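**Q** Please work out how this folds:
(chains A and B)
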Amino acid sequence: MTIHHGRGFACINYPIGMNLGGDPSQALVHATPDGKFKVALSSIDLGQGIKSVGRQLAAETLGVPVEDVYVDTADSDTGPHDMGSFASRGTHRMGNAIIRAATEARRQMLEAAGEELEVDAADLVTDGRGNIHVKGAPSRSITVEDTAIAAQFTQGRTLAGRGIFLVPLSEVDADTGEMTPVSSFAHAALIVDLTVDDETGEVEVTAINSAYEVGRALNPKLVEQQLIGGAWMGVAHALYETTEPNYPDRAHGPEDFNHYLQPGPGDVVPHHISVLERPAPDAPFGGKGPGEMCANPVLPAIANGVFNAVGVECDSLPITPEKVLRGLRANGGARPQGTPGR
Amino acid sequence: MKTPITFTLNGEEAAVFVDPGGNLLDVLRRGCGDLSPKYGCGQGGCGACTVMIDGEAHIACLTLAETVAGRRVDTAGGLADGPDLHPLQIAFMEGFAAQCGYCTPGMLMAAKALLDRNPNPTRAEVDEAISGNLCRCTGYEPIIDAILEAAKHRGAA
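**A** Predicted coordinates:
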């Protein structure tokens, strides 16, 4: 019995958004009478973070404290249309829509403040702490709250904005088949170190090193969290998760979480991540969002690592001990492909 | 034929009628209106419904409701003291240990049961304590870190 070490590499260019019948997201922003802002969306947030990131984007654009922005989302009865949280599109599509809506609301807010201060709205700036003042003259100021009160109770004006970000349908060129299905790509490279036991066929991932280029990391902790969790899911898909039985009878398939396997807390793999920030021109403050690609490169990297360790090429997932052992038998034993990384 | 039972839920008396064979999770969620324990698999495999019974972590979906009569049940819904969050809740929040949040109440109670009996656990002991709780989002690492962090702060207090 030998434990073979292997190293596998994979890189990925991951598309943001999809070429459906056009790919739109909409956002509505309005001020409440106390100068707070509400962002109405129908994005779904199952932990991906659009609520947090949308709040940041709206606050940054409006020029108000992030605490003064509330995101109301996930209900298509109360929020405007969104295509959905898929194709890693949430931050990019909805983020752009939020910025447009917040830009319109900010313009109205500055116009209302200008009316109160008797100055041109173009001469006003926000301090990000809840105040609006004349450029270069901080004492000539009004709070966002007083602006909202004046707008709604004396000026008869709404502080609101509508935003839509629409990537139109890209038609397929009949001659070349060419089309532009997405607006931008995120990129990553990932190296997996693992061991393969040639007696049991078991694969154990021992380290992951990755570099992700996601535009600007709008919320670095959320990005890191998503990359770590996504890589875990990649390991789970590569090595464990299947509804198929190990032996050719449906009745032997998993019926509960004791048999539908996933790595547990004791199987956590050390994962070192470098996030490279190269803000994308068409993205909200340059942020493209890690999305689905946090899991994807892990799978081919593990398959390559297994090949590197014992020379077995697995062409189906997950890479179970049974498949590794069958591959070893077909090859007449382990065929290590060389010492990785040296 | 329903059976009347009383037990202590998060420090307050609860009185409910339970069906024969009815499980504790159902009683907590429907009978008591405490939605903090989650229904995940209903088979005892995911840990989302973990609660504490007399200080020990239990899977509520596999616990016969009648067996908690006269006992103390604690859920994640009772962790905070008014507006003051429990150290574990703070550590989870600060350490980004939740994404979708569905496993979080169960994780918190499994972790609380651990820290109550072992205030300074090793990483391996934390792994063991939450090994019955599945998380699909985080990859576990932030959760383990948060529990160790909470232990550090509770030890200092």
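**Q** Please spell out which residues along stretch A:162-178 are buried.
**A** A:Gly163, A:Phe165, A:Val167 (16 or more other CB atoms under 10 Å in any protein chain shown). Heads up, the C-betas are built off the backbone N, CA and C, glycines and all.
**Q** which element is the second one on?
**A** Looking back up the chat, that one is A:Phe165. Element membership for A:Phe165, per DSSP states H and E: strand A:160-167.
**Q** Tell me the helices and strands packed up against that strand.
**A** strand A:23-31, helix A:95-117 (3 or more CB pairs under 8 Å, 6 or more residues apart in numbering or on different chains; DSSP states H and E).
**Q** Quick check: the closest residue to A:Thr73 other than its chain neighbours vs B:Ala124, distance?
**A** The shortest distance from A:Thr73 to any non-neighbouring residue, by CB to CB, 6 or more residues apart in numbering or on different chains, is to A:Leu41 (4.0 Å). Applying CB to CB, to the nearest Å, the value for A:Leu41 to B:Ala124 is 43 Å.
**Q** try B:Ala111
**A** 14 Å.
**Q** I'd assumed B:Gly139 was in a strand, is it?
**A** No: counting by DSSP: H, G, I helix; E, B strand; the rest coil, B:Gly139 is not found in a strand; it is coil.
**Q** that older thread, which one of A:Leu41 and B:Ala124 is surrounded by more residues?
**A** For A:Leu41 versus B:Ala124, neighbours defined as other CB atoms under 10 Å in any protein chain shown are more numerous around A:Leu41 (32 against 11).
**Q** Just the pLDDT for the more buried one.
**A** For A:Leu41, the model assigns a pLDDT of 96.
**Q** So the most centrally placed residue in chain B: helix, strand or coil?
**A** Centroid check for chain B by CA atoms, centre = their mean gives B:Met109 as the closest residue, at 2.8 Å. Following three-state DSSP, the label given to B:Met109 is helix.
**Q** for A:Lys38, helix, strand, or coil?
**A** strand.
**Q** I'd say it and A:Arg55 touch.
**A** No: taking contacts as CB atoms under 8 Å, A:Lys38 lies outside contact range of A:Arg55: 10.6 Å.
**Q** Overlap of the contact sets of these two?
**A** Residues touching both A:Lys38 and A:Arg55 by CB atoms under 8 Å, 6 or more residues apart in numbering or on different chains: A:Val69, A:Tyr70, A:Val71.
**Q** Quick one, which of these are buried?
**A** Applying 16+ other CB under 10 Å to the shared contacts of A:Lys38 and A:Arg55 flags A:Val69, A:Val71 as buried.
**Q** For chain B, state which of the buried residues of stretch A:162-178 is nearest.
**A** Nearest to chain B among the buried residues of stretch A:162-178 is A:Phe165, at 24.7 Å by CB to the nearest CB.
**Q** Can you report how many residues lie near the residue lying closest to the closest one once chain neighbours are set aside?
**A** Excluding its sequence neighbours, the residue lying closest to A:Phe165 (CB to CB, 6+ apart) is A:Asn96, at 3.7 Å. Neighbours of A:Asn96 under the rule other CB under 10 Å: 23.
**Q** before we move on, what about the one 10 residues further on?
**A** Counted with other CB under 10 Å, the neighbours of A:Arg106 add up to 21.
**Q** Test my guess that it contacts A:Thr147.
**A** No: contact status for A:Arg106 versus A:Thr147: not in contact, 11.0 Å apart, counting by CB under 8 Å.
**Q** strands paired with the helix or strand containing A:Val71, and their directions?
**A** Assigned by DSSP H and E, A:Val71 belongs to strand A:69-72. Looking at strand A:69-72 with DSSP bridges, its partner strands are strand A:37-40 (parallel).
**Q** Just the C-alpha atoms of the strand it pairs with, please, in PDB.
**A** The C-alpha coordinates for strand A:37-40 follow below in PDB (Å, rounded to 0.1, in the frame of the first residue of the first chain):
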ATOM      1  CA  PHE A  37     -33.500  55.100   1.700                       C
ATOM      2  CA  LYS A  38     -35.200  51.900   0.600                       C
ATOM      3  CA  VAL A  39     -34.100  49.800  -2.300                       C
ATOM      4  CA  ALA A  40     -36.800  47.500  -3.700                       C
END
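**Q** Would you mark the buried spots in it?
**A** For strand A:37-40, by 16+ other CB under 10 Å, it's A:Phe37, A:Val39, A:Ala40.
**Q** on that earlier part again, quick one, the strand holding A:Phe165 and helix A:95-117 angle?
**A** 150 degrees (axes from the mean of the first three to the mean of the last three CA atoms, to 10 degrees).
**Q** tell me the mean pLDDT over strand A:160-167?
**A** 96.
**Q** Moving C-terminal from it, which element do we reach first?
**A** Taking DSSP H and E, what comes next after strand A:160-167 is strand A:184-197.
**Q** Off-centre distance for that following strand?
**A** Centroid separation between strand A:184-197 and its chain, computed with CA atoms, centre = their mean, to the nearest Å, is 18 Å.
**Q** what about it, near chain B?
**A** No: using CB under 8 Å from any CB of the partner chain, strand A:184-197 stays clear of chain B, coming no nearer than 14.2 Å.
**Q** what pairs with that strand, and is each one parallel or antiparallel?
**A** strand A:3-16 (antiparallel), strand A:203-213 (antiparallel).
**Q** Could you export it as CSV, CA atoms only?
**A** What follows is strand A:184-197, C-alpha atoms only, in CSV (Å, rounded to 0.1, in the frame of the first residue of the first chain):
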residue,chain,number,x,y,z
SER,A,184,-17.7,40.2,-18.9
PHE,A,185,-15.7,37.3,-17.6
ALA,A,186,-14.2,36.6,-14.2
HIS,A,187,-11.0,34.5,-14.0
ALA,A,188,-9.4,32.1,-11.7
ALA,A,189,-6.5,29.6,-11.4
LEU,A,190,-6.5,26.9,-8.8
ILE,A,191,-4.0,24.3,-7.6
VAL,A,192,-5.0,21.3,-5.6
ASP,A,193,-2.6,19.1,-3.6
LEU,A,194,-4.0,15.7,-2.8
THR,A,195,-3.1,12.1,-1.9
VAL,A,196,-4.4,8.9,-3.4
ASP,A,197,-4.2,5.6,-1.4
